[in-house]
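Enquirer: coords please:
(2 chains)
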Amino acid sequence: MQTVFSIAIDALAYGMVLFVISIGLSVTMGLMRVVNLAHGAFAMIGGYIASYAARDLGLAYGFAIVLAVFGTILIAIPIERLLYRRIYGAPELTQVLMTIGITFCIIGIANYVFGPTLKTVPLPAQLQGSVDLGFRAIATHRLFAILCGLAVAAALWYAIERTAFGVKLRASVDNAAMAAALGVRTEIVYAVSFAIAVGLAAFGGVVGAELLPVEPYYALRYMVTFLVVVSVGGAGSIPGALVACLLLGGIDTTGRYLMPEFGEFFFYLAVIAIICVFPRGLAGRAKG
Amino acid sequence: MTMTTTNDLITQTPAKRRFGGGDLIGLSVILALAVVGYFLFPTNLALLTRIIAIALLVLSLDLVTGYCGVATLGHAALFGAGAYAAGIASAHYGINDPLAMLAFGIVAGAVAGLVCGAVILRAHGLPQLVLSIALIHLFHEFANKASSWTGGSDGLSGIAPSALIGLYEFDLWGRTAYVFGVVLLALVFALLRLIVRSPFGMLCRAIKEDPVRIRSMGASPKAALMKMYVISGAVAGVGGALNAISTQVVGLDSLSFTMSAESLVMLVLGGTGSLFGALTGTIVFMFFEDVVSAANPFHWLTMVGALLIAVVLFAPKGLYGTAAAIVARRREAK
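Expert: Purely as a prediction, here's the structure:
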């Protein structure tokens, strides 16, 4: 029982971190149809900025998060303008190559600037230690990660389902040309959602730094995981991504607890099985 | 039914001889380069042999990506399967005849191609890409865990190929391995030229252009792609076996994601959809890597990244493709 409970908490925390990072990827992929392999690199940049701000400059944790999110967006804007703009609507192979090239560059530069060692984001006193739930104590940081995930999911749901921007976003996802013809400025929708996606990736990178340690090969190591979440959940679907994250987080964490030496093996096996059964993802729609 | 459609395709394309002048020129260029390489780098034949092995992998990737339009980031699985099969045959079963090891490599590569093809061809687009990545990680984990067979992360050692056809020992300078590699590459290249020009090769190209139309014409895209995947696996298996025989060790890196990604980079650098492009890309990339990565492996990664971005932006057809386009334009102008 004890083990089951701690597996469940860890799986939930891991799944939520995955969700925060990959939901941006899912939305941009559904919207712009760009296979963005560099998404993990933005999460990594966020982690590096937060680590630098909190550890080397001694800033508060909350401030470090804000700095990481906006810093990463600032870095991403020129990349979007100069490079991503040119591959919207290009064949998949081109997009894969371009974004994998960007990932390689960011890894090389991160290693040059920050060195090959692991970087930690020091937690404030409030998030260290554990919370007593009456029957079981859980690490505060895990709880924080779970709450962040839930908050992001709720905020995104509200933004997409209830606001004017959400309406435009959904219209552009369904049919960009038609939306543009009806007066939606799709360029702005694209730019804003790209910025939000990058910001969320950075946020997830910081919050999840305890679970997914920040190091130069972060971008390559977890790239697969994020892509898997999107393709299992179905691009552009928030509930799909949420279910996929919890499912994959559960499989991965359970595998690691019960069969540490075969954990990865079962994770990838499960991914292959899920995609073979649902080629368009759990909540995927037919291509419009 | 398939026959009639393929015949239709043939009549639509301009009639070409089965083995034209271009192929002979290509073959002689390969052999000339091999001789030049032998005399230019007599002390570095191991690198040249490795280039040949990787070139076979890139050729095999070209078959599925360039000719069939399947985007995959897991192609090293086929290469690694060939390498491990050849290595295990020698290290565990004492089958030391290089040609027999080669046969093991080809069969294992083809089987791996069958498995990978069966999985990867189930999906399209992003899920297809993710499947290929998951597959290469699965192969990698499997080889890592089955360490009693593969040596795990220490690599598989104890491979001792005997003399080639009983006459030529594999010497310390790698001369035999190099000549063996050149002969294999020339044979594979000639064979592949025949295959990509055959009705079957044309069918694959047509599937890349428009699978729906091909299906409505009565051919089965999936069956053709599966066949191509198996052929591609056999070619990659040749490369893997050559690598195992020449280096006498098989490491986990031959089954890695990095290897798959790099082979894709080489293919794109040279130009997809052309066997010459695949060869050009491999040679340029491997020499470049040899020079730069000796200085600093991380700068190497940055350089590869920048190179990729530059190729996508400025030479989307690759080096060979761009050069061929320029030559063709010149000819038209005359």
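
Enquirer: check contacts around residue 186.
Expert: Here I'm looking at chain A. A:S172, A:A176, A:A179, A:A180 (Cβ atoms under 8 Å, 6 or more residues apart in numbering or on different chains). For every residue, glycine as well, the C-beta is placed using N, CA and C.

Enquirer: hm, I was asking about chain B
Expert: Counting by Cβ under 8 Å, 6+ apart, B:A186 has contacts B:L27, B:I30, B:L31.

Enquirer: swap in B:L255?
Expert: B:A76, B:A77, B:F79, B:G80, B:A81, B:Y84, B:I136, B:F139, B:H140, B:A143.

Enquirer: skipping adjacent residues, who's closest to it in space?
Expert: B:G80 (3.3 Å; Cβ to Cβ, 6 or more residues apart in numbering or on different chains).

Enquirer: the one you found: which element?
Expert: helix B:76-93 (DSSP states H and E).

Enquirer: what mean pLDDT does that helix have?
Expert: Averaged over helix B:76-93, pLDDT sits at 89.

Enquirer: skip the chain neighbours and tell me the closest residue to B:M101.
Expert: B:A86 (4.2 Å).

Enquirer: okay, now that neighbour: neighbour count?
Expert: Look at B:A86: counted by other Cβ atoms under 10 Å in any protein chain shown, it has 33 neighbours.

Enquirer: so it makes contact with B:D97?
Expert: No - contact criterion Cβ atoms under 8 Å: B:A86 and B:D97 do not qualify, at 10.9 Å.

Enquirer: pLDDT weak spots in the chain?
Expert: Defaulting to chain A. Along chain A, segments meeting pLDDT under 70 span A:134-135, A:263, A:283-288.

Enquirer: that's the other chain; I wanted chain B
Expert: Looking at chain B by pLDDT under 70, you get B:1-21, B:166-167, B:172, B:296-298.

Enquirer: give the contact list for the residue nearest to B:L255.
Expert: So B:G80 contacts B:F139, B:H140, B:A143, B:G240, B:V250, B:S254, B:L255, B:M259 (Cβ under 8 Å, 6+ apart).

Enquirer: and B:V70, how far from B:L225?
Expert: From B:V70 over to B:L225 the distance is 7 Å, taken as Cβ to Cβ, to the nearest Å.

Enquirer: near chain B, which residues of the stretch 151-288 of chain A are found?
Expert: Taking Cβ under 8 Å from any Cβ of the partner chain as the contact definition, the stretch 151-288 of chain A meets chain B at A:216, A:220, A:224, A:227-228, A:230-231, A:235, A:261-262, A:264-265, A:268-269, A:271-272, A:275-276, A:279-281.

Enquirer: swap in 10 Å and give it another go.
Expert: When proximity is defined by Cβ under 10 Å from any Cβ of the partner chain, the stretch 151-288 of chain A lies next to chain B at A:216-217, A:220-221, A:223-224, A:227-232, A:234-235, A:261-281, A:284, A:287.

Enquirer: just the buried subset of these, please.
Expert: Using 16 or more other Cβ atoms under 10 Å in any protein chain shown as the burial test, these include A:216, A:220, A:223-224, A:227-232, A:234-235, A:263-272, A:274-275, A:278-281, A:284 as buried.

Enquirer: near chain A, which residues of the stretch 201-334 of chain B? Just list them.
Expert: Going by Cβ under 10 Å from any Cβ, the residues of the stretch 201-334 of chain B near chain A are B:257-258, B:261, B:264-265, B:267-269, B:272, B:296-313, B:316.

Enquirer: just the buried ones out of the residues you listed, please.
Expert: The buried subset of those - by 16+ other Cβ under 10 Å - is B:257, B:261, B:264-265, B:267-269, B:272, B:298, B:300-305, B:307-309, B:311-312, B:316.

Enquirer: of the residues of the stretch 151-288 of chain A next to chain B, which belong to helices?
Expert: Secondary structure from DSSP state H places A:220-221, A:223-224, A:227-232, A:263-277 of those in helices.

Enquirer: residue ranges for the helices of chain A, please.
Expert: According to DSSP H, the helices that chain A contains are A:2-32, A:39-51, A:61-82, A:92-114, A:140-162, A:164-174, A:176-181, A:186-207, A:218-221, A:223-233, A:238-258, A:263-277.

Enquirer: pick the most deeply packed of those helices.
Expert: helix A:39-51 (a mean of 29; mean count of other Cβ atoms under 10 Å in any protein chain shown).

Enquirer: which other helices and strands contact it?
Expert: helix A:2-32, helix A:61-82, helix A:92-114, helix A:186-207, helix A:218-221, helix A:223-233 (3 or more Cβ pairs under 10 Å, 6 or more residues apart in numbering or on different chains; DSSP states H and E).

Enquirer: can you give me the neighbour number for B:V35?
Expert: B:V35: 11 neighbours (other Cβ under 10 Å).

Enquirer: the one 4 residues further on too?
Expert: The tally of other residues near B:F39 (other Cβ under 10 Å) stands at 7.

Enquirer: just B:V111 next, same as before
Expert: Neighbours of B:V111 (other Cβ under 10 Å): 18.

Enquirer: show me what contacts it?
Expert: Contacts here follow Cβ atoms under 10 Å, 6 or more residues apart in numbering or on different chains; on that basis B:V111 touches B:L78, B:A81, B:G82, B:A85, B:V230, B:G233, B:A234, B:G237.

Enquirer: buried ones from the residues you listed, can you make that a PyMOL selection?
Expert: Here is the PyMOL command that selects only those of the contacts of B:V111 that count as buried (16+ other Cβ under 10 Å):
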select buried, chain B and resi 78+81+82+85+230+233+234+237
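
Enquirer: for B:D210, phi and psi?
Expert: phi -160, psi 90 (degrees, to the nearest 10).

Enquirer: how close does it get to B:L203?
Expert: With Cβ to Cβ as the criterion, B:D210 and B:L203 are 12 Å apart.

Enquirer: do the same with A:A180
Expert: 39 Å.

Enquirer: got it, and A:I251?
Expert: 39 Å.

Enquirer: same list (the helices and strands packed on helix A:39-51) but as a markdown table, adding distance to A:D132.
Expert: As requested, those are exported to a markdown table (distance: least, Cβ to Cβ, whole Å):
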| stretch | distance to A:D132 |
| --- | --- |
| helix A:2-32 | 13 |
| helix A:61-82 | 22 |
| helix A:92-114 | 37 |
| helix A:186-207 | 22 |
| helix A:218-221 | 33 |
| helix A:223-233 | 32 |
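
Enquirer: ok, which of these comes nearest A:A139?
Expert: Minimum separation from A:A139 across these (Cβ to Cβ) falls at helix A:2-32, 8.0 Å.

Enquirer: can you pull out the strands in the stretch 101-250 of chain B?
Expert: Along the stretch 101-250 of chain B, no segments are classed as strands by DSSP state E, counting those that start in this stretch.

Enquirer: quick revisit: which neighbours do B:V70 and B:L225 share?
Expert: In contact with both B:V70 and B:L225: B:V64, B:G117, B:I120, B:L121, B:C204, B:I207, B:K208, B:S232, using Cβ under 10 Å, 6+ apart.

Enquirer: so how far is A:V34 from the residue nearest to the spatial centre of chain B?
Expert: Centroid-nearest residue in chain B: B:L57, 2.1 Å away (criterion: Cα atoms, centre = their mean). Using Cβ to Cβ, B:L57 is found at 28 Å from A:V34.

Enquirer: same check, this time on A:Y217
Expert: 23 Å.

Enquirer: same check, this time on A:A11
Expert: 30 Å.

Enquirer: same deal with A:I275?
Expert: For A:I275, the distance to A:V34 - Cβ to Cβ - is 20 Å.

Enquirer: how about B:G158, phi and psi?
Expert: Here is the backbone geometry of B:G158 (degrees, to the nearest 10): phi 90, psi 20.
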